[in-house]
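1. Sequence and predicted structure are below.
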Amino acid sequence: MESHIHNVAVVDIGKTNAKVVVYDLDRQCEVAAQTTPNRVSNDGAYPHFDTDGLWDFVLTSLAELSRDHPVDAISVTTHGASITLVEGDDLALPVMDYEFPLDPRTLADYRAIRPDFAESQSPALPGGLNVGAQLFYLERHFPQEFAASGILTYPQFWAWKLCGVEACEVTQLGAHTDLWCPSERRFSSLVDGQGWGEKFAPLRSAFDRLGDLKSEIRAAMPGQDPIPVFCGIHDSNASLLPHLVGRQGAFTVVSTGTWAIVFAVGGRAMELDETRDTLANVDAFARPVPSARFMAGREFAAMAGDAPGEADHASAEAVIAKGIMALPSFARGTGPFAEREGEWTVDPEDLSQAERTAAASLATALTTSVCLELVGAEGPIIVEGPFGRNAVYCDALAELSGRSVEAKTGLSGTSAGAALLARGQNAPPPSGAAVPAAAEASARPPIRGLAAYADTWRRRVAERGQAEMPEPSRGASG
């Protein structure tokens, strides 16, 4: 345990935005942050992330933030579905944007060799959302560069940039990549079959201290003591980690942002359905966790429009009374309704902004409730990230599930988990900082008519080209 570590600089590369956050482990809060958009460049053979721009942002942020908040350690967390090929001290090829639609021939050939769901617990996903498909594409189209390169998982690429030590890590390998067998804690048959195994950097624990910050980066920051760099973790698993070490029994974490990832810890045994975007993620201790996902942030933005504002109960009840519904999926190809095309029961341009935001909040809560059922989730629900600030979403989710919902409303739930890596696997759990949404909402009455509205929403979704809905838990009031 790194007992002297208090302030951890977390490099957090999200799909939409990148952040550098200084997280105080003693006070369990973010004390400073800088953020920038995560831009995609289209000036090459395929769309790719602007890693040079991100690196400049990381270096500048570390130097500036450390002037007022001394940094004792650095940790890294990133979005999933990305991987890096490196040669020497740089990238061998740009880091592909996972939304790039691979050419049909390559994708079909890849689907013919990818592991069965029973082995990988990873569903077949569009574009490059299965990292194995990205590697297959790059090997086929850039054989010379691929042959000469080594492979680093994405958080560990940034850790390598910071400290010079190469590594791979299981939370990233276990995030629907097709590269990992969660039940046996090994690389999948795809890796063996393609002869990729020797290309991967050594497997390290997310908690491992890889090395010290490079001297040229350290020189731009106050002080002279070495700054350790920790291995790093997949972002949704970072949100999960504080609860894994601080709770007992069954519980559910909903990590929100561009994606909502539902982690069911200790829930009912369920057979996962690859056609509904359920999967096994792998936690920081290398254990499989039943999970479901959909692009909640993308869906919400498409439904709510450019200026969503705050959702409130009055607007939600007005939407329910008028039967106004947004039906999934506005981000097709992922989630429990991947094949449905999003639609409204009315023209959304005729709605007030408050009504549109409320309808979007209800629809997102309803899709989340379906995800809960698909993975057998039980126990209290913890909502991490931006949707924790949406009272209609949290209250509706509590009523629909019949369970308490706790909102974690900090800048990012990922920061706390990534920072916690610096305390080691055997560190004492953080004291609870979750704010129970149900307690906050105790002065507010239930959302009137929600149960009947939910039944109608589910029926309409089921009637229009989607697989049968799971039976809902009965907790909503009518």
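-> Sure thing, it's come through. Residues are numbered from 1 along each chain as shown.

2. now His48, nearest residue through space, not along the chain?
-> Once flanking residues are discounted, His48 sits nearest to Pro94: 3.4 Å by C-beta to C-beta, 6 or more residues apart in numbering. In this view, the C-beta of every residue, glycine as well, is placed from N, C-alpha and C.

3. So what sits opposite Phe200 in the bridge?
-> Phe200 has these beta-bridge partners by DSSP bridges: Ile151.

4. which intervals of this structure have sub-threshold pLDDT?
-> 1-3, 409-412, 427-444, 465-478 (pLDDT under 70).

5. domain parsing for it?
-> Domain assignment for the chain, taken from automatic domain parsing, gives 7-231, 246-463.

6. Quick one, which of the ones you listed gets closest to Ala238.
-> Comparison of the domains of the chain against Ala238 by C-beta to C-beta identifies domain 246-463 as nearest, at 3.4 Å.

7. hang on, the earlier thing: need the domains of the chain in CSV with distance to Ser239 and mean neighbour count, can you?
-> Supplementary listing: the domains of the chain in CSV, determined by distance: least, C-beta to C-beta, whole Å; neighbours: other C-beta atoms under 10 Å:
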stretch, distance to Ser239, mean neighbour count
domain 7-231, 9, 19
domain 246-463, 4, 20
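
8. so can I have CSV of these showing distance to Leu240?
-> Output for those, formatted as CSV (distance: least, C-beta to C-beta, whole Å):
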stretch, distance to Leu240
domain 7-231, 9
domain 246-463, 5
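
9. After the helix or strand hosting Ala108, which helix or strand is next?
-> Using DSSP states H and E, the element containing Ala108 is helix 104-111. Following helix 104-111 in sequence order, the next helix or strand is helix 117-120 (DSSP H and E).

10. Next secondary structure element downstream of the lengthiest helix in the chain?
-> In the chain, assigned by DSSP state H, the helix with the most residues is helix 353-374. Proceeding C-terminally, helix 353-374 gives way to strand 381-384 as the next helix or strand, assigned by DSSP H and E.

11. That following strand pairs with which strands, parallel or anti?
-> According to DSSP bridges, strand 381-384 forms sheet pairs with strand 251-255 (parallel), strand 405-408 (parallel).

12. okay, those in TSV with distance to Ser361 next?
-> Listed next are the strands paired with strand 381-384 as TSV, based on distance: least, C-beta to C-beta, whole Å:
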stretch	distance to Ser361
strand 251-255	14
strand 405-408	13
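
13. so which of the ones you listed gets nearest Phe337?
-> strand 251-255 (17.1 Å).

14. Determine the angle, from 0 to 180 degrees, between the closest one and helix 353-374.
-> 140 degrees (axes from the mean of the first three to the mean of the last three C-alpha atoms, to 10 degrees).

15. which outside residues touch strand 251-255?
-> Residues from elsewhere that reach strand 251-255, judged by C-beta atoms under 8 Å, 6 or more residues apart in numbering: 235-236, 239-240, 243, 260-267, 368, 372, 377-385, 387, 397, 413-414.

16. now the strands for the stretch 51-200 of the chain?
-> 73-78, 83-87, 90-91, 150-153, 180-181, 186-187 (DSSP state E, counting those that start in this stretch).

17. Pull the distance from the third one to the chain's centre.
-> With C-alpha atoms, centre = their mean, to the nearest Å as the basis, the distance from the averaged C-alpha position of strand 90-91 to the chain average is 25 Å.

18. From the rest of the structure, what touches it?
-> For strand 90-91, contacts defined as C-beta under 8 Å, 6+ apart pick out 51, 84-85.

19. ok, back up a step: select, out of the strands of the stretch 51-200 of the chain, the one closest to His141.
-> Checked against C-beta to C-beta, the stretch from those lying closest is strand 83-87, at 12.3 Å.

20. Neighbours of Val245, how many?
-> 18 (other C-beta atoms under 10 Å).

21. all numbers from here: first residue = 48
-> In the new numbering, first residue 48, that becomes Val292.

22. mind checking which helix or strand it is in?
-> Assessed by DSSP H and E, Val292 sits inside helix 282-293.

23. again, but for Pro337
-> Going by DSSP H and E, Pro337 is part of strand 335-341.

24. what do you get for Val68?
-> Judged by DSSP H and E, Val68 forms part of strand 64-71.

25. And the contacts of that strand?
-> Residues outside strand 64-71 that contact it (C-beta under 8 Å, 6+ apart) are 53-59, 76-85, 101, 104-105, 108-109, 112-113, 116, 118, 458-459, 462-463, 465-466.

26. gap between it and the chain center?
-> The answer for strand 64-71 is 16 Å, by C-alpha atoms, centre = their mean.

27. what do you get for stretch 342-353?
-> Mean-position distance between stretch 342-353 and its chain equals 16 Å (C-alpha atoms, centre = their mean).

28. what's the answer for stretch 290-303, then?
-> When distances are taken as C-alpha atoms, centre = their mean, stretch 290-303 is centred 15 Å away from the chain's centroid.

29. Figure out the length between the terminal residues of it.
-> Using C-alpha to C-alpha, to the nearest Å, the end-to-end distance of stretch 290-303 comes to 15 Å.

30. do the same with stretch 419-432
-> Stretch 419-432 end-to-end distance (C-alpha to C-alpha) = 17 Å.

31. Likewise for stretch 188-198?
-> With C-alpha to C-alpha applied, stretch 188-198 spans 17 Å between its terminal residues.

32. contacts for that stretch?
-> Under C-beta under 8 Å, 6+ apart, the answer for stretch 188-198 is 92, 130-134, 139-140, 153, 182, 185-186, 213, 215, 243, 246-248.

33. hmm, try it at 6 Å
-> 132-134, 139-140, 185-186, 246-247 (C-beta atoms under 6 Å, 6 or more residues apart in numbering).
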